[in-house]
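Enquirer: Sequence and computational prediction follow.
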Amino acid sequence: MLVIAIWFFSTSQALSAVDEGRAPTLTELTADTPVAAATLSSDGKWLSSLLARDGKRYLVIQSISSDGTLGVPFEPGFERHDIAWMSWVGGGQLILLTKSDGAFQLKRISMKDRTQDMLLTSRQMSVGGMVPMLVAPLADDPKRILLAIDGVVYNFPTVYELRLDSLELTEVVAAQAPIVRWFAGPDGYVGLGIGYRGRRRIVMARAKGESAVWWEINTGSHLEDPAFEPISIDRGGQSAVILSGAFGDTHALARVSLIQPNTDGTPKQQLIAQHDRYDIMRGLFHPSTGQLTGAYYRDHGGVVLPVDDGYRAVRKTVQSYLGHVNFELPAVSLNGDRWLVRVVSETIPPHHYIYIPSNDSDPDVFKRLTPTGLDKAVTLQASRKVQIPMKHGPPMEGLLTLARDNPSGTRKAVMLLHGGPVRRDYARWQPLVQLLASRGYAVLQPNFRGSSGYGDKWRKAGYGEWGGIMQDDVARAAKWMMRRGLVDKKHLCAAGGSYGGYAALMAVVKNPKLFRCAASMNGVTSIIAQVEHFNLGRFSALTVPRIQADHSRRSLAKASPLYYAKKIKRPVLLVAGTDDTTVPVGQSQAMAEELSSAGGKHKFVWIEGAGHSLEGANEKAIYYQALLEFLSIHLSDSAP
């Protein structure tokens, strides 16, 4: 096992409320961050990003001078909704998959002469049921890329090599069921593929060589068996990096041989990095060379475990410039002379710096490239990690953000419940949390059983437990807040989106003495209807069993808020996007109709054109304003 030094870059965990500066406005917290999806060209001379303007995002490309100064913006004419994905390749070429009227096109922007040309039309890509995907931009040969294109075998992609000079398209790996995703190394060798048959995971591999043949390197239940998730193939095509469940309860980063063993046994895995409490979530790779540089997991915030001395040194230098904030290094030039730095703090909106390491004659350059979009006079609140005792096993962790001030003296709070439920909350930029804290509400975000990131046992404890132990954990967190004096009785509201909206509604169903009200944004109200909706999807076997387990339809109905709608006595806020394809708007609509027929206190807010996640500033403003008005009424000192 490799011994790894741990560099933990965390925001402040102080509990005390901050009174300096002013509170942020609703407009400031709902505004789009000025710049998104920023990345460097492979030569480090160009920065591409999506610039926010007039409620939309536009692709912008700028040159970067030797002193880190950005050049005049070049706008090639693409909006965010036009772009499926984009990637830099050699020679200052930006490749984009665009979509218009349901048709995909592969285009190229050349910054040498600022021209655009068509690489592949929709007809040439024979688009089937899957979106064409970039398998690898090849740093070793910038004149070619690897693409996975569906169409020859419907719903299973074939890998092609595209020559960027001649536009010649050559098959590299033929489509084969059930593989839906292919992996290639930095040298372009395709040696791994993953697919699913029902809930079973199938991973195929082949080592580079004259007699390379595909073989089944791993198979098992996606839900129950130890994790085996390919991440990247090493240069040379003899081994790969995976997320593995073979080393204990928490997921580890491991290296596995692609060479088929002489016996029927599984290939030996070599442990690279593991944490005894938290899952390793991904490997970090040099964006240009593909070399493994570190592992990443989440504690209170993001934690990076460097495995490469050069990468460790760069992180240490960047940290000396930034101080104690979380940051990422999403892009670097091929020769390592320019690094893009992205700050991911909970008290500062995401923004970027350029780091140009020193040479013999010039000092380091460390300069901000993109703004935060927030007035420096605004004061925001940092959260802290809390641990809530459980009857058995490890404590339940969560994030606690205290209110900025409390003029009335009444301690009011919102329990903000995450979606998924196989997800988790961690310290990052969360405008809604900042809005609530700035308006006098403490915010607790518990990572109840069923949340991801805490190992298999914690995650699997939530399978089949909608309305069960996951909901019990919500009540446990509420009682913990009251015992600690963080909230006064009759002044706690549950809120959340998606699964979190479901859990918020069930909080006033099961524990009306603890929760004064509930707010659901695109929340599930009928488990049966949601399961039926998921079953229409291709990979429903990977998700539905986690919800349904072996419960009968009657049991699922009785675990749904809709079943109890006519008995709910607490005020309810329902917010729903009309274009939500994950949890259809009919879920909230049915709940509103049942509450209306029973005379229940509720408000139903439609957001026209909004999807499952609220993306635009206007969509967020509608939800945030509705929530603030709802809380001001039902958590007020005069509320009945």
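Expert: Yep, it's here. Only a predicted model underlies this, so the values are computations on that prediction, with no experimental measurement involved.

Enquirer: And the residue nearest to the spatial centre of the chain, how far from residue 459?
Expert: For the chain, the residue nearest the mean C-alpha position is residue 423 (8.9 Å; C-alpha atoms, centre = their mean). Residue 423 is 10 Å from residue 459, where distance means C-beta to C-beta, to the nearest Å. Just so you know, the C-beta spots here come from the backbone N, C-alpha and C atoms, and that holds for glycine as well.

Enquirer: do residue 66 as well
Expert: Taking C-beta to C-beta, one finds residue 66 at 48 Å from residue 459.

Enquirer: So for these two, which sits in the more crowded spot?
Expert: Per other C-beta atoms under 10 Å, whichever of residue 66 and residue 459 has more neighbours is residue 459, with 23 against 11.

Enquirer: Helix or strand with the lowest mean pLDDT in this structure?
Expert: helix 122-125 (a mean of 84; mean pLDDT, DSSP states H and E).

Enquirer: Please identify the buried residues of whichever strand or helix holds residue 63?
Expert: Taking DSSP states H and E as the definition, one finds residue 63 inside strand 56-63. Judged by neighbour count using 16 or more other C-beta atoms under 10 Å, the buried positions of strand 56-63 are 57, 58, 59, 60, 61, 62, 63.

Enquirer: Let me have the residues you listed in TSV, extended by pLDDT and distance to residue 638.
Expert: Formatted as TSV, the buried residues of strand 56-63 follow (pLDDT from 0 to 100; distance: C-beta to C-beta, whole Å):
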residue	pLDDT	distance to residue 638
57	93	43
58	95	48
59	97	51
60	97	50
61	97	56
62	96	54
63	95	60
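
Enquirer: now for these, which pair is the farthest apart?
Expert: Greatest spatial distance among the buried residues of strand 56-63 (C-beta to C-beta): 57 and 63, at 20.5 Å.

Enquirer: Which residue ranges of the stretch 301-450 of the chain form strands?
Expert: For the stretch 301-450 of the chain, applying DSSP state E, counting those that start in this stretch gives strands covering 302-306, 327-332, 339-343, 351-356, 365-368, 384-388, 396-401, 412-417, 441-446.

Enquirer: of the buried residues of strand 56-63, closest to residue 635?
Expert: residue 57 (35.4 Å).

Enquirer: where do the helices sit along the stretch 201-350 of the chain?
Expert: Per DSSP state H, counting those that start in this stretch, the stretch 201-350 of the chain carries helices over the ranges 309-322.

Enquirer: Low-confidence ranges, it, go.
Expert: 210, 262, 264, 287-288 (pLDDT under 70).

Enquirer: so where's the longest helix in this structure?
Expert: helix 617-634 (DSSP state H).

Enquirer: What helices and strands are in contact with that one?
Expert: Contact analysis of helix 617-634 by 3 or more C-beta pairs under 8 Å, 6 or more residues apart in numbering; DSSP states H and E lists helix 26-30, helix 431-438, strand 492-497, strand 517-521, strand 572-577, strand 602-607 as its packing neighbours.

Enquirer: which one of those lies closest to residue 591?
Expert: strand 572-577 (6.0 Å).

Enquirer: shaky segments in this structure?
Expert: For the chain, the stretches flagged by pLDDT under 70 are 1-20, 126-129, 139-140, 210, 262, 264, 287-288, 359-361, 406-410.

Enquirer: Using neighbour counts, pick out the buried residues of stretch 291-308.
Expert: For stretch 291-308, a neighbour-count test (16+ other C-beta under 10 Å) marks 291-308 as buried.

Enquirer: starting at the chain centroid, how far to the longest helix of the chain?
Expert: 24 Å (C-alpha atoms, centre = their mean, to the nearest Å).

Enquirer: Now do the buried residues in it.
Expert: Residues of helix 617-634 classed as buried: 619, 620, 621, 622, 623, 624, 626, 627, 630, 631, 634 (neighbour count, 16+ other C-beta under 10 Å).

Enquirer: residues touching the last one, list them.
Expert: So that's residue 634. 493, 516, 517, 571 (C-beta atoms under 8 Å, 6 or more residues apart in numbering).

Enquirer: List the beta-bridge partners for residue 46.
Expert: residue 63 (DSSP bridges).

Enquirer: thinking again about what came up before, check contacts around the residue nearest to the centre of the chain.
Expert: 451, 452.

Enquirer: roughly how far apart are it and residue 338?
Expert: 34 Å.

Enquirer: now swap in residue 285 and tell me
Expert: 17 Å.

Enquirer: Among these two, which residue is more densely surrounded?
Expert: For residue 285 versus residue 338, neighbours defined as other C-beta under 10 Å are more numerous around residue 338 (23 against 18).

Enquirer: now the strands for the stretch 1-150 of the chain?
Expert: Going by DSSP E, counting those that start in this stretch, the stretch 1-150 of the chain shows strands at 35-40, 46-53, 56-63, 83-89, 93-100, 103-110, 115-120, 133-137, 144-153.

Enquirer: hmm, who's touching the third one?
Expert: Right, strand 56-63. By C-beta under 8 Å, 6+ apart, strand 56-63 touches 32, 36, 45-51, 70-80, 83, 86, 94, 96, 109, 111.

Enquirer: That one to strand 93-100, inter-axis angle?
Expert: With axes from the mean of the first three to the mean of the last three C-alpha atoms, to 10 degrees as the basis, strand 56-63 and strand 93-100 are set at 170 degrees to each other.

Enquirer: Now do strand 56-63 against strand 83-89: the angle between them, please.
Expert: Using the same axes, to 10 degrees: strand 56-63 against strand 83-89 is 10 degrees.

Enquirer: Let's see strand 56-63 as CSV, backbone CA atoms only.
Expert: Output in CSV follows, covering the C-alpha atoms of strand 56-63 (Å, rounded to 0.1, in the frame of the first residue of the first chain):
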residue,chain,number,x,y,z
LYS,A,56,-28.0,32.9,-20.5
ARG,A,57,-24.5,31.5,-20.8
TYR,A,58,-22.3,32.0,-23.8
LEU,A,59,-19.2,30.2,-24.9
VAL,A,60,-16.2,32.6,-24.6
ILE,A,61,-12.6,32.0,-25.5
GLN,A,62,-9.7,34.2,-24.3
SER,A,63,-5.9,34.2,-24.7
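
Enquirer: That concludes my questions; thank you for your assistance.
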